[in-house]
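*Asks:* Turn this into a model:
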Amino acid sequence: MTPGEARAHVIQASHALAAAGQSDMVWGHVAVRDPEGRGIWIKAPGWGLEEVGHDRLQLVSYDAEVLEGDGAPHKECHIHLETLRESPELTCSVHTHAASAVAFAALGVPLLPLSHEGALFAGADVPRFRETGGLVSTPGLGKALAAALGDAPAAFMPKHGLVAAGRTVAGAVMHAVLLERACALQLTAQAAGPVLVHSDAMEALAKRAECWPESQLEAGYRYLVRRAHVAFAAL
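*Replies:* The predicted model follows:
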């Protein structure tokens, strides 16, 4: 990957997340590791995910300094800086305020593998970052969030949103999207009554391998990219 490709990935991933319904006005962001080791590429503050373009990007160093682009860095750039610093195998990280994820995390109950989406977590519950419900605005909070995420596909940030990460850009985006969908499905089920049917741990683990290999994450991501191209072509 070149820096130019990293920039293009941030734009494409931002649009894909918007197409999946994870926009929150100008809040939320996706970051891609700079291939030259200088930091992360991320959208500049003040723009919605669907508005991101080449002139609305920043290269932010691991010291949270803007090396390229305009303005100050995001207050929560530490989410991405520390997540990607902690795990060199990761390429991309995502933070959104996905509504169903926030609502579900407020219940304090485990996310169950009711569906293919829920099986992403192989029958285990989703990690939760409990250090703060406010902004992750310091390196220390960023490190604590990265530790809570560990090697999971995504984690809840109760009272705030979610964080997701992946070895590929497609993986990081789809992990965020699948977590949101799994939350929405369980909220719907619980609103109707007790949840009586879901995969056990063995079936959930098998379903994760069967349903969510890199090829399927890529296929879902490509669909969102195509959808975004149609939805935001005029922007």
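*Asks:* so residue 5 sits in a strand?
*Replies:* No. Counting by DSSP: H, G, I helix; E, B strand; the rest coil, residue 5 falls outside a strand, being helix.
*Asks:* quick one: pLDDT of it?
*Replies:* Per-residue confidence for residue 5 comes out at a pLDDT of 96.
*Asks:* Residue 48 against residue 22, yeah?
*Replies:* No. Counting by C-beta atoms under 8 Å, residue 48 does not reach residue 22; the two are 10.9 Å apart. Placement of C-beta: from N, CA and C, glycine included.
*Asks:* quick one, which of those two is more surrounded?
*Replies:* Neighbours were counted for residue 48 and for residue 22 using other C-beta atoms under 10 Å; residue 22 has more, 26 against 18.
*Asks:* Could you report the neighbour count for the closest residue to the more buried one other than its chain neighbours?
*Replies:* Computed as C-beta to C-beta, 6 or more residues apart in numbering, the closest residue to residue 22 that is not its neighbour in sequence is residue 96, at 4.3 Å. Using other C-beta under 10 Å, residue 96 has 29 neighbouring residues.
*Asks:* Helix or strand: which one has the residue nearest to residue 69 when sequence neighbours are not counted?
*Replies:* Counting by C-beta to C-beta, 6+ apart, the nearest residue to residue 69 once its immediate chain neighbours are dropped is residue 58, at 3.4 Å. In this structure, residue 58 is located in strand 57-61 according to DSSP states H and E.
*Asks:* how about the helices in this structure?
*Replies:* Along the chain, counting by DSSP state H, helices occupy 3-19, 77-86, 99-105, 139-149, 169-192, 201-211, 214-231.
*Asks:* Run through who's touching the last one.
*Replies:* Outside helix 214-231, the residues within contact range by C-beta atoms under 8 Å, 6 or more residues apart in numbering are 12, 15-20, 50, 166-171, 173-175, 177.
*Asks:* quick one, that helix and helix 201-211 angle?
*Replies:* 60 degrees (axes from the mean of the first three to the mean of the last three C-alpha atoms, to 10 degrees).
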